[in-house]
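**Student:** Need a 3D model of the following:
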Amino acid sequence: MSYFWFTKSTMDKLRPDYIHFEHFGPEHLLVTAGFVAVIIAAMLFYRKLDEKARQKFLYIMSALLIADELWKHVLSAATGQWEWEFVPLHLCSINIFVCVINSFKRDELTSEILYALCVPGAALALLMPTWTNLPYWNFMSLHSNSVHLLLEMYPLLLIAGGFKPNFKRLPKVLGIVLLECVPIFFINKILDTNFFFLNGTANNPVLKILASIFGKDFYFIGFVPLLAVVWFFMYFPWYLAEKKKAKV
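**Tutor:** Alright, predicted model coming up:
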């Protein structure tokens, strides 16, 4: 229990060289496999529900996301460890509110945003977590894992419910992200934060690779080709399915 109440920043200061688990080590793989099983089970369950029950399920998901975010703020503040970095302006954190909006109004644009951004973003966070210096039984580790699990699950539930992603909506999604980057850039300057990873790689292995290619000051340029590749694999199967359906 000695490390349960510590945030990542506190651990960085007290034990800068401490690593609790390795990426894709036995412990990480076991936890990730459990997450995959939970998501698949939730999708199968959701698929069997009628429309009214699905709506309630999405409300519950949104409530859990908000509660999860509040858990972080309340406990970090109560232990004197709250910091500006906890403000929900990271890309995943912002998508918590997109999930809430979507649960009340399941429109195509918010559903597309969640599929295009939440699925790869939350998957990257779970596969390459930046909180490896925290034990799994730690309040911030529990939050980081559970909130990204819920963010990964929510858009996949929409898929299970019949939502079909369409690459033609991606320009709008990309436009929204670019618009968000403008105020985020200045907020980072004012608060000395790293929202959207615009001010540092946060030791994420994928972002560190981009930094090695484009340089530490311009690594974020690598987001463009990286996102293009990710979106190709995410959308090409849907394009083929739609094209096949049109021929029938």
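**Student:** do you know how far Gly80 is from Asn102?
**Tutor:** 35 Å (Cβ to Cβ, to the nearest Å). Yep, even glycine has a C-beta here, placed from its N, CA and C like the rest.
**Student:** Looking at the two, which is more packed in?
**Tutor:** Asn102 (23 against 8; other Cβ atoms under 10 Å).
**Student:** average model confidence for the helix or strand harbouring that one?
**Tutor:** In this assignment (DSSP states H and E), Asn102 forms part of helix 91-104. Per-residue pLDDT over helix 91-104 has a mean of 96.
**Student:** in the protein, which residue is closest to the centre?
**Tutor:** Ala122 (2.8 Å; Cα atoms, centre = their mean).
**Student:** The helix or strand containing that one - contacts with which helices or strands?
**Tutor:** Using DSSP H and E, Ala122 sits in helix 119-127. Secondary-structure packing of helix 119-127 (3 or more Cβ pairs under 8 Å, 6 or more residues apart in numbering; DSSP states H and E): helix 26-48, helix 91-104, helix 139-160, helix 223-247.
**Student:** Mind giving me the packing neighbours of the second one?
**Tutor:** Contact analysis of helix 91-104 by 3+ Cβ pairs under 8 Å, 6+ apart lists helix 51-78, helix 108-113, helix 119-127, helix 139-160 as its packing neighbours.
**Student:** ok, now the last one?
**Tutor:** Under the contact criterion of 3+ Cβ pairs under 8 Å, 6+ apart, helix 223-247 touches helix 119-127, helix 205-214.
**Student:** before we move on, back to that, for the helix holding Asn102, C-alpha coordinates in CSV please.
**Tutor:** Once non-C-alpha atoms are left out, helix 91-104 reads as follows in CSV (Å, rounded to 0.1, in the frame of the first residue of the first chain):
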residue,chain,number,x,y,z
LEU,A,91,-6.8,14.2,-26.4
CYS,A,92,-8.2,11.2,-24.5
SER,A,93,-9.6,13.4,-21.7
ILE,A,94,-11.4,15.6,-24.2
ASN,A,95,-13.0,12.5,-25.7
ILE,A,96,-14.6,11.7,-22.3
PHE,A,97,-16.9,14.7,-23.0
VAL,A,98,-17.4,13.6,-26.6
CYS,A,99,-18.6,10.3,-25.3
VAL,A,100,-21.0,12.1,-23.0
ILE,A,101,-22.4,14.2,-25.9
ASN,A,102,-22.6,11.0,-28.1
SER,A,103,-24.5,9.1,-25.4
PHE,A,104,-27.3,11.8,-25.6
